[in-house]
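Q: Next comes the sequence, and after it the predicted model I'd like to discuss.
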Amino acid sequence: MEAIVYEEFGGPEVLRHTAGAAVPEPGPGEVRVKVAAVGVNPVDWKRRYGWVEEFYPTTFPAVPGLEFAGTVDRLGEGVTGLAVGDEVLGWTKTGAYAEYAIADIVVPKPAGLSWETAASLPVAGETAQRVLDLLGVRAGETLFLHGAAGVVGSVGVQLAVAAGVTVVGSASESNHAYLRELGAIPVAYGDGLADRVRAAAPDGVDAVFDAAGHGVLPVAIELLGGGGPGGEAPATERKERKEREERKERIVTIADVEAEKYGIVFSGSLGDPEAVRAGLTAHARGAAAGTLSVRLADTLPLKEAARVQELSESGHVRGKLILIP
């Protein structure tokens, strides 16, 4: 089958396009899918560099890619509720940059939902929902979402706004109109970010979702009144410090690997499979109904995978990149 394979960590040059990869076979509880579209994510090139082995350990030779949309081609033992020929979207266990992929987390693709949009939903939807759940944001609260115009960030904005949360989102000024369309209050990146967030949310923010990294965690801690020195302190100061540390629990990053240094939660692992399926089903239905959108940047053939990962790594792409086997 056609696939993209790499056998060592490194830059985009380690990716090799082949037409002779072995077709995988589904095991118990798994399905094989003929892939129609592949969603490209920053984690794809971070895995290629070997930067996220703690969350996504690699066995070589490896096929990149986590998310896909396609048609069920073969059922493994014990699979129920699915049939060969069903159109699905979900998460792959064997790599999505391929003509065929094995999966055990799939949901039906709604009629009328394009392959490209379907393939863009699993990672962004699951990640955004997982972080919002960890933060526990609820109606009436204010969320600061750093990197709000990215794919995960924009889905997070929409889910939060739909739940009655006020969202202040950081992005480059060229993306501010887009954020307003999604229902967020935009602020610009860069020096003075904390002051701009305070101006946009004069009553303060209740939680911070870092979807972009770039050293924003000290700003997040400042906005929530966290931090403070260690050591012995009077009882009143210790109480205040405890409260500050508790407020830091309402900061979650998916992008800053130095999170532990600041006492911040780094969320990078897939949640409970049943919850993932339920969320993906809801997001797919929302996308089909037009209540949830993902901005698509470009669609290219699978053989262009190295170039597409370079584009993703550049950080200058607006929207989702899709590969087509």
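A: Alright, I've got the coordinates.
Q: Past the longest helix seen in the chain, which element shows up next along the chain?
A: Taking residue count as the measure and DSSP state H as the definition, the longest helix of the chain comes out as helix 273-289. From helix 273-289 onward toward the C-terminus, using DSSP states H and E, the following helix or strand is strand 296-301.
Q: Centre of the chain to that following strand, how far?
A: A distance of 18 Å separates the C-alpha centroid of strand 296-301 from that of its chain, computed with C-alpha atoms, centre = their mean, to the nearest Å.
Q: Which elements pack onto that strand?
A: For strand 296-301, the helices and strands in contact under the criterion 3 or more C-beta pairs under 8 Å, 6 or more residues apart in numbering; DSSP states H and E are helix 115-119, helix 305-314, strand 320-324. Just so you know, the C-beta spots here come from the backbone N, C-alpha and C atoms, and that holds for glycine as well.
Q: What does the pLDDT read for the residue nearest the centre of the chain?
A: Relative to the mean C-alpha position of the chain, the nearest C-alpha, by C-alpha atoms, centre = their mean, is the one of Ala124, at 3.8 Å. According to the prediction, Ala124 has pLDDT 96.
Q: SS state for it?
A: The local conformation at Ala124, judged by DSSP: H, G, I helix; E, B strand; the rest coil, is helix.
Q: Only C-alpha atoms, please: export the longest helix of the chain in PDB.
A: Below are the C-alpha coordinates for helix 273-289, written out as PDB (Å, rounded to 0.1, in the frame of the first residue of the first chain):
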ATOM      1  CA  PRO A 273     -12.100   5.900  24.900                       C
ATOM      2  CA  GLU A 274     -15.900   6.000  25.500                       C
ATOM      3  CA  ALA A 275     -15.700   9.700  26.300                       C
ATOM      4  CA  VAL A 276     -13.600  10.300  23.200                       C
ATOM      5  CA  ARG A 277     -16.200   8.500  21.100                       C
ATOM      6  CA  ALA A 278     -19.000  10.400  22.600                       C
ATOM      7  CA  GLY A 279     -17.300  13.700  22.100                       C
ATOM      8  CA  LEU A 280     -16.200  12.900  18.500                       C
ATOM      9  CA  THR A 281     -19.800  11.900  17.600                       C
ATOM     10  CA  ALA A 282     -21.100  15.200  19.000                       C
ATOM     11  CA  HIS A 283     -18.500  17.200  17.200                       C
ATOM     12  CA  ALA A 284     -19.100  15.500  13.900                       C
ATOM     13  CA  ARG A 285     -22.800  16.100  14.200                       C
ATOM     14  CA  GLY A 286     -22.100  19.700  15.100                       C
ATOM     15  CA  ALA A 287     -19.800  20.100  12.000                       C
ATOM     16  CA  ALA A 288     -22.500  18.600   9.800                       C
ATOM     17  CA  ALA A 289     -25.100  20.900  11.200                       C
END
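Q: Pull out the buried positions in that helix.
A: By neighbour count with 16 or more other C-beta atoms under 10 Å, helix 273-289 contains the buried residues 276-277, 279-280, 283-284, 286-288.
Q: Can you lay out the residues you listed as TSV showing distance to Ser114?
A: Supplementary listing: the buried residues of helix 273-289 in TSV, determined by distance: C-beta to C-beta, whole Å:
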residue	distance to Ser114
Val276	22
Arg277	21
Gly279	20
Leu280	16
His283	14
Ala284	11
Gly286	14
Ala287	9
Ala288	10
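Q: now those residues in TSV, with pLDDT and distance to Ile102?
A: As requested, those are exported to TSV (pLDDT from 0 to 100; distance: C-beta to C-beta, whole Å):
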residue	pLDDT	distance to Ile102
Val276	94	16
Arg277	95	16
Gly279	96	21
Leu280	97	17
His283	97	22
Ala284	98	20
Gly286	97	27
Ala287	97	24
Ala288	97	26
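Q: out of the residues you listed, what pair is the most spread apart?
A: Checked with C-beta to C-beta, the buried residues of helix 273-289 reach their widest spread between Val276 and Ala288, with 18.5 Å between them.
Q: returning to what we had before: which ones are touching the residue nearest to the centre of the chain?
A: 39, 151-152, 154-155, 294, 320 (C-beta atoms under 8 Å, 6 or more residues apart in numbering).
Q: Kindly recompute the last result at 7 Å.
A: Remark: with contacts taken as C-beta atoms under 7 Å, 6 or more residues apart in numbering, Ala124 is in contact with 151-152, 155, 294.
Q: lowest-pLDDT helix or strand in the chain?
A: Taking mean pLDDT, DSSP states H and E as the measure, the helix or strand of the chain with the lowest value is helix 235-248, at a mean of 54.
Q: Following that helix in sequence, what is the next regular element?
A: Criterion used, DSSP H and E; the element after helix 235-248 is strand 251-253.
Q: Neighbouring strands - and their directions - for that next one?
A: Taking DSSP bridges as the criterion, strand 251-253 forms sheet pairs with strand 207-210 (parallel), strand 265-266 (parallel).
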